[in-house]
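> Sequence and predicted structure, then a few things I'm wondering about:
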Amino acid sequence: MLRKTFRFVLGTLLLSAVALVCPAQDANKRNDRPAPEVPPTQPARQRDNKKPPDATKYTYEFSQPKFLINHIVIEHDALGRGQITFQHKDEESPVVEPVELSTAAIGRIFHLWSALSFLDSTEDYQSSKDFSHLGTYKLGMDDGKRKRVAEFNWSGNTSAWSLAQEYRRVADQAIFVFDITVARENQPLNAPGLLNQLESLYRRNGLSDPTQLVPLLKELSTDDHIPLIARNQADRLLKKIEK
């Protein structure tokens, strides 16, 4: 009887010991699992390998003291964003307005800059003919390392002359936007005359990108502050542009 009792007690102790050891082993198994791998950070050399933005600055300048708008300067970056400054003959202070070239205008303008190889060239774009009474143009480029300005009043270089005319279209379009904005606020009776000028520019391809004016023309066509004739003009021109 004593032997059976001893075996029973011994068996109970062994079972208890096994029960204590198993959780410990399970815990050890859980703790021994490797931590999930963390993706390595991108090497600094790869992170810094991005191409720096193009810091080139482009300028266009027109001047003729006898003209109604006697001085115009356009400055923009490689994205076509910048400002236009223009001076009315009878005004003391110049007007400064933001300007943004459309995608189509950027394509034409940068194609012409490229055709000129402007910073690598020393060509004098001035023609033998002198048309200074029609105004003087200046084209400039500055890439941070090199800077060049070319001046002429007439040129036999097709790319240089076309580039000056492209910028003139940008200027005329921006000046119209400013003038019609002032008219809507303070001089609504001037609106018909301004829209006549705009339509004339449109007919002779004198606008940088007429589609940029679509939102404005839609507003003008329903603006009760300007004369009905001006609203009808805006609507008529809008239909021509949207064809």
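Here it is on my side, so go on.

> For residue 53, see how far away residue 84 is.
Using Cβ to Cβ, to the nearest Å, residue 84 is found at 22 Å from residue 53. For the C-beta atoms, the positions are set from N, CA and C on the backbone; glycine is no exception.

> which one of these two has more residues nearby?
Shown here are residue 84 and residue 53; by other Cβ atoms under 10 Å, residue 84 has more neighbours (24 against 9).

> Quick check on that one: phi, psi?
The phi/psi pair for residue 84 (degrees, to the nearest 10) reads phi -120, psi 140.

> any idea how far it is from residue 171?
According to Cβ to Cβ, residue 84 and residue 171 sit 6 Å apart.

> Quick one: residues in contact with stretch 118-128.
Identification of contacts with stretch 118-128 by Cβ atoms under 8 Å, 6 or more residues apart in numbering yields 116, 139, 141, 143, 146, 148, 150-157, 160-161.

> Filter the residues you listed down to the buried ones.
116, 139, 141, 150, 152-155, 157, 160-161 (16 or more other Cβ atoms under 10 Å).

> Farthest pair within those residues?
141 and 154 (20.7 Å; Cβ to Cβ).

> the strands in this structure, which residues?
57-63, 69-76, 81-88, 95-100, 136-142, 147-152 (DSSP state E).

> Show me what the third one is packed against.
Which is strand 81-88. Under the contact criterion of 3 or more Cβ pairs under 8 Å, 6 or more residues apart in numbering; DSSP states H and E, strand 81-88 touches strand 69-76, strand 95-100, helix 158-186.

> Residue 193 is nearest to which of those?
Comparison of the helices and strands packed on strand 81-88 against residue 193 by Cβ to Cβ identifies helix 158-186 as nearest, at 8.8 Å.

> In contact with residue 230, which residues?
188, 191-192, 195, 220.

> follow-up on the earlier one: identify the contacts common to residue 84 and residue 171.
With Cβ under 8 Å, 6+ apart, residue 84 and residue 171 have common neighbours 72, 74.
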